[in-house]
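In: What would the 3D arrangement of this be:
(chains A and B)
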Amino acid sequence: MTAREPTPSAVVTRFAPSPSGHLHVGGARTALFCWAFAKGRGGRFVLRIEDTDQKRSSDAASIGFVKDLLWLGIGFDEGPQYEGHGGGPNGPYFQAQRLELYQRYFDLLLSRGDAYYAFESADELAAMRARAKERNEPFRYTGEQARALSADEVKRRLAAGDPAVIRFHTRAGPITIHDEILGDATLPNGEVDDFVIRKADGFPTYHFAVVVDDELMGVTHVLRAQEHFNNSAKHIVLQDALRFRRPIYGHLPLIFNPDGSKMSKRDKDKVLRKAVADKGITAPPPGTVDLAQFTAWLKDKNIQLELDAGQSLAQAIGAVLPEINVDDFRRSGYLPEVICNFLALNGWSPGGDVEKFDREFLKANFDLARVVKTAAKFDRTKLLAFNLDAIQAMSRDEFVTRVAAHGREMHPQFMSKLTEAQFRSLCDASHERSKTLDDLFRTNTFLTTPDDDLSWDQKALAKFIRGGTPAGSVHLVAARDLLARCDEWTVPALEAALKPLSDSIGNVGLIAQPLRVAVSGGSVSPPIYDTLAILGRESSLRRIDRCLASL
RNA sequence: GGCCCCAUCGUCUAGCCUGGUCCAGGACACCUCCCUUUCAAGGAGGACACAUGGGUUCGAAUCCCAUUGGGGUCACCA
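Out: Next up is the predicted model:
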C-alpha cells in the first residue's frame, strides 16, 4: 500500500531486457529515460538480464546490445561485467544465475498458502483456453481443482516426478495500479487469475523474477513500456503477498512505425521480400544466402533471415533495409547524441519550443510529469534532419575526425584507397551536403574505382555529353585541353584555368556537367573543381580521355 | 470478445492540471519563390490540427458524460 517516498539520492531505476545481440530503438528509449531519471537525481541505474526463458540462449554474445547502450552514452552503475562496466553488490545480474534466491520466496509463498502446485499440462491448458474462446469468454485459471489436491497427493505426485508449476493464489478484489504517467487504473475483481510463478523447469516466470529482483536490488522506480501496464497488477499482488515495498511505476508510451504498425526486426524481412518479388529474383545472388535457406525463407513468411545474411542479400539486390536497431542507425552514419536527442522527443519534451538538447540537459530536466501518454510514430525523416543539423554545426576538424572513424570501421576499403590529403579534401568538399557520416562514402564510390574500370551512366551521358548544342563533348574537349596545360592541380588553379572557357560560354554548368559525368560516371559529385582536385591530374585526364573515346 | 489505456497540423509535440492572453505555438515533412556548376545545403514566404455529439460556464483545446476511432493486454515469452 505504501509507495515509498525516496530521497533524491535513493532513486534506483533499471533496464531489464531479455538477452539480445542488438538494442531496439524502443528499448534504447526506455533505457535512456531510466538512465536520465536516475542519474539526474543522483541515483543508480541498474542493468539486469531477464534470461528466464531457457528456450532463448543466453551466452556471452547474448548481451551484445550493451555495446549499443554504451555507444549511445548510456552507462550503467550496476549490471553484468562488460568492458569495465557493470558489477555491483546486488548481483548476479543474470536472472538465470539467481535461482536459489527465488526459491526462498517460492517456499515462503507456498508455506503461507499464497501459492500452490498445479499439474495441468500445457496441452490441457491449451484445450481449456480453446473452450473458453469458443464460448467467447476470456480464459481465467481459477485453480479450484489444483487447490483441492491434498497435501499428500501433491507430495506424492512431486515425488513421482510429475511435471508441475507453481501458481500464485490471487485473492479476490479489484487491483489498483498507480502510475506516475497514466494516473490510476483499477482492474476489476477476477481480471488477474492464478498465474504461474515458477515454470515446470524450475525457472521463475518473468512476473516473479521481476518482483523479487526489483526488491532485492532496491529499485525505486520502474519505468517500462506501456505494454507492461496490465502486468503491473500481477506484480502488485505479488509484492503485497511477499511484503515487499512497491516501486513507483511509470509506463512509457509505445513507439511505432510511421504506418502505425509495431516496429519489429521482421520489417527488414518484409522489405527484403518485397524487393525480391519486385525484382523478380528467384535465386540468391552468390555470396549472400545459400539456396536452401533462400527458398525456405521465401516460402515461409515466418522465417527471418539472420541479420548479416539479410544485410548482404539487401546489398546484393540493391534494397535498403529499414533501420530498426541502434546498430542499424550507427551503420547508416547517425550520431549517437542525435539519436538520444530524437529518441527522447518521442514520448517526452522539455516544454515550450525546446527540442534540441544533449544528454546532460536530458539528465537535468527529465521528469515523469512531462512524459506524454500517447504512442509516437518514429519519423526517420525528422531524425535525419536532426542529424544534418548536428553535422552542419560541427567544425571542419571534428567532421573529419568523426567521418574518418566511421570510415575506418564501415568502409576500410574506401579509406585505404585515399591519401590523407585526398580524404581531407573530400571531407571539406562534402561537409555541407552530408546528412550522415556515411553519405560521403555512399555517394563517392567513383573515387575508389580504378580509372580504367569506370563506366558511365547512360542517361547522364546522353544528357550532358552527347546532348546539348553544341554537344557537351565539344566543351569537354575544350576543357580537357585547358586542364592538360594546367600545371598546378588545386581548386583555385583549376578554376582559373577553366575560367576563360566558362566565360566565353557564359554558363559554367555547360562545362561543369560534362566534366562531372566524364570524371565520376554520373551527374552527381562534389563541386567540380573539388572533384578534379581530389582525383588528381592523372586520373582526371585519363577518365576524360576514356569517356571521349567511348562515344 | 473481456479488461485497461489513449485522442491537438501528415509526423513529433507546446498549450490542458491552475477554463478567457489560442481565430492554437514550434519542429520535421509538404508547396511556392530566391540562391546555385550537379546533388545537397541555405534564404524568404505559404498551406495544414483541437475526432464527433452532448453538457457545465458569461466564456472550453482546456472540466464532465457519451459516441467513434486507435492502442495495449488476456502464455510454463519477456
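In: Show me the helices in the stretch 301-450 of chain A, by range?
Out: With DSSP state H, counting those that start in this stretch applied, the stretch 301-450 of chain A shows helices at A:307-317, A:326-331, A:336-345, A:359-365, A:380-392, A:396-410, A:412-417, A:420-430, A:439-443, listed in chain order.
In: and the fourth one with RNA strand B, contact?
Out: No - Helix A:359-365 stays clear of RNA strand B (CB under 7 Å from any atom of the strand), getting no nearer than 12.4 Å. Glycine gets a C-beta too; all of them are placed from N, C-alpha and C.
In: Which residues does that helix contact?
Out: A:32, A:35, A:36, A:39, A:40, A:73, A:337, A:340, A:341, A:344, A:350, A:357 (CB atoms under 8 Å, 6 or more residues apart in numbering).
In: Would you mind naming what in the stretch 101-250 of chain A lies close to RNA strand B?
Out: Residues of the stretch 101-250 of chain A lying near RNA strand B by CB under 7 Å from any atom of the strand: A:120-122, A:125, A:129, A:136, A:138-141, A:163, A:165, A:182-183, A:185-188, A:191, A:195-196, A:199-201, A:203, A:205-207, A:226-231.
In: in chain A, which helix or strand is least confident?
Out: Using mean pLDDT, DSSP states H and E, the weakest-scoring helix or strand in chain A turns out to be helix A:144-148, at a mean of 85.
In: contact partners of it?
Out: With CB under 8 Å, 6+ apart, helix A:144-148 has contacts from A:116, A:117, A:118, A:119, A:120, A:167, A:169.
In: Can you give me the neighbour number for the second one?
Out: The local packing count at residue A:117 equals 20, with neighbours defined by other CB atoms under 10 Å.
In: any idea how far it lies from RNA strand B?
Out: 11 Å (CB to the nearest atom of the strand, to the nearest Å).
In: SS state for that residue?
Out: Following DSSP: H, G, I helix; E, B strand; the rest coil, the label given to residue A:117 is strand.
In: Now it. Nearest residue, chain neighbours left out?
Out: residue A:164 (4.7 Å; CB to CB, 6 or more residues apart in numbering).
In: Give the residue spans of the stretch 101-250 of chain A that score low on pLDDT.
Out: By pLDDT under 70, the stretch 101-250 of chain A has no low-scoring segment.
In: wait, chain A
Out: Using pLDDT under 70, the flagged stretches of chain A are A:1-9, A:57-61.
In: And the residue of it that's closest to RNA strand B?
Out: When distances are taken as CB to the nearest atom of the strand, chain A reaches nearest to RNA strand B at residue A:50, 2.6 Å away.
In: got the contact list for that residue?
Out: Residue A:50 makes contact with A:16, A:17, A:18, A:19, A:95, A:206, A:209, A:210, according to CB under 8 Å, 6+ apart.
In: if you set the cut-off to 10 Å instead, what comes out?
Out: Residues in contact with residue A:50, defined by CB atoms under 10 Å, 6 or more residues apart in numbering, are A:16-19, A:56, A:58, A:94-96, A:206, A:209-210, A:213.
In: on that earlier part again, which of the contacts of helix A:144-148 has the largest number of neighbours?
Out: residue A:167 (23 neighbours).
In: ok so, going back, correct me, but the residue nearest to residue A:117 touches residue A:154?
Out: Yes - if you go by CB atoms under 10 Å, residue A:164 and residue A:154 touch, sitting 8.1 Å apart.
In: Excluding chain neighbours, what is closest to residue A:531?
Out: Nearest residue to residue A:531, sequence neighbours excluded (CB to CB, 6+ apart): residue A:525, at 4.7 Å.
In: That concludes my questions; thank you for your assistance.
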